[in-house]
Each structure stands twice: as structure tokens, then as C-alpha cells.
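[1] have a look at this fold, sequence not included:
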């Protein structure tokens, strides 16, 4: 059975586990879902579930990450630097990027020095489950003082310290919020993608997201990532934006 160290290793391994991914994505409290096809390092297509194009996104391909030290099971052994978190194209906000490479669940940051720190989560009850027909590791987690999301306004987990750092008016904005003490998190074993978060208590109980993976490393044609010219008087249909509720 996997343990907390295995869970952290999987959470930091996504960049080295897959090159293309097709999946559906929805926010738990959202009215709808989208289907996305992502080809690393820099191409993303987002559609409605019925196939209507929403957006094509092209990121900036970086110089590439150095080869990490791997464990015997092929997962990344050592902590990744905080700045080693850019890569996948972003749709709407950084929540989308974070779920694709959920290293914020694996490696913390010292908020005073900016250097690496201890684990960002307390991780309990790690076990294997089925998620959309694929094996996943599920755990119940809570953020620690070293949790540092990719972007504080759209972190994978609700956390009062992060909100206070992000918003000058946090005391007023979140005055009535009861933050979760536990969140259910699932990582897809084959890809390292965070396929589910669900706050288990507090104001945000039930809040989170779900990803259902449809294909991994399938061939993708360049034509998928070409956005046709928009008609001059019409825009694409509005789709609910992902993000914090």
C-alpha cells in the first residue's frame, strides 16, 4: 500500500510521466465541464463537452527541466525547487496548471527565506482507489505552514494563511469562513495529475474539482491546436471559469 512519502513522490512526478493528455475537467460547484487536450510542452485545446471549441492556448516552451533523481518505482525522489513549477499552458488561471503538475502538494517553501522547507501537507489514510476506471492514490490532507501554492488566489487547497498573505482585506473578506480541517485528494497513479480535491468540512465542504482522464500519450495532430479566426460579430460561448469558490 502507498504511504505519505509515496504520495509526495507521485505529486512531484507529473512532468516526467506523460506527454499528451485528454481529459474532462469540472469544478464541483460549477454548472458545467470542459474537455481539454494538452500536448506538452506548449499546446492546449479546450472544448465544451459537445465539442464546441472554447480556446486554443499556446504556452512558452521552456528550456526543459533537468533530469531528476528517480526512485526504483520511477517516481521523483527529491524535492523540487519552488521555481520549478512553470510548464503547462494555463487555461483561465493557475488552478488548472497546478492540478496538472501538483508539486505544491509535495514540497513546501519557507515563507521567510523562499528556500525549500518541510512537507506542505499532513497526509493521512493513503490508499488506492478507482477513479474513472484508472488507479489513483487517495489521501486525507491538511495544509501546514510551508504550503506554498503555485498561485495564492487559486490554490488547490483552501488555507487561511495563504488567504491572509494574498488579500490585504482577508480579515473582512473571510470573516465568516470556517476553513476545512481535512480535504480529500486523489492523484492518478499513471500520470501524477491531481484528479480530485474535495473539502470535507467547514464553509467549503464539498468544494473542489474533478478530472476524468480519457487518454494518455495518444498522437495529437497539429491541427487540433490551431484556433480558427473568430467571426467579427460573435465570440465563443461562455463557459464557467474554474477557480476558487
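    Done, it's in. Note that the structure is a prediction, hence the values are computed from the model and not measured.
[2] which parts of the protein are helices?
    4-11, 94-100, 160-166, 170-173 (DSSP state H).
[3] now what about the longest one, what contacts it?
    Just to be clear, that refers to helix 4-11. 2, 71, 73, 75-77, 102-103, 105-107, 119, 123-124, 126, 137, 139, 187, 189, 192, 194 (CB atoms under 8 Å, 6 or more residues apart in numbering). (Each C-beta comes from the backbone N, C-alpha and C, glycine too.)
[4] ok so, going back, hey, which of the helices of the chain is tucked in deepest?
    helix 94-100 (a mean of 24; mean count of other CB atoms under 10 Å).
[5] neighbouring contacts of it?
    For helix 94-100, the external contacting residues (CB under 8 Å, 6+ apart) are 14, 21, 25, 38, 86-90, 104, 149-151, 153-156, 193-195, 209, 211, 242-244.
[6] quick one: buried ones out of these?
    With burial judged by 16 or more other CB atoms under 10 Å, the buried subset of those is 14, 21, 25, 38, 87-90, 104, 149-151, 154-156, 193-195, 209, 211, 242-243.
[7] so what's residue 78 up against?
    68-69.
[8] now it: how far from residue 12?
    8 Å (CB to CB, to the nearest Å).
[9] mind pulling up the pLDDT for the residue positioned nearest the centre of the chain?
    Centroid check for the chain by CA atoms, centre = their mean gives residue 99 as the closest residue, at 0.9 Å. Reported pLDDT at residue 99 in the predicted model: 97.
[10] ok, now residue 170?
    Looking at residue 170, the pLDDT reads 89.
[11] if we can go back for a sec, now render the helices of the chain as CSV, adding distance to residue 204.
    Converted to CSV, the helices of the chain look like this (distance: least, CB to CB, whole Å):
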stretch, distance to residue 204
helix 4-11, 21
helix 94-100, 14
helix 160-166, 11
helix 170-173, 14
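[12] among those, which comes closest to residue 231?
    Nearest to residue 231, of all these, is helix 94-100, at 26.5 Å by CB to CB.
[13] packing partners of the least confident helix or strand in the chain by mean pLDDT?
    Of the helices and strands making up the chain, the lowest-confidence element is strand 116-117, at a mean of 82, by mean pLDDT, DSSP states H and E. Based on contacts counted as 3 or more CB pairs under 8 Å, 6 or more residues apart in numbering; DSSP states H and E, the elements that strand 116-117 packs against are strand 108-109.
[14] ok, of the contacts of helix 4-11, which come out buried?
    By 16+ other CB under 10 Å, those give 2, 75-76, 102-103, 105-107, 119, 123, 126, 137, 139, 187, 189, 192, 194 as buried.
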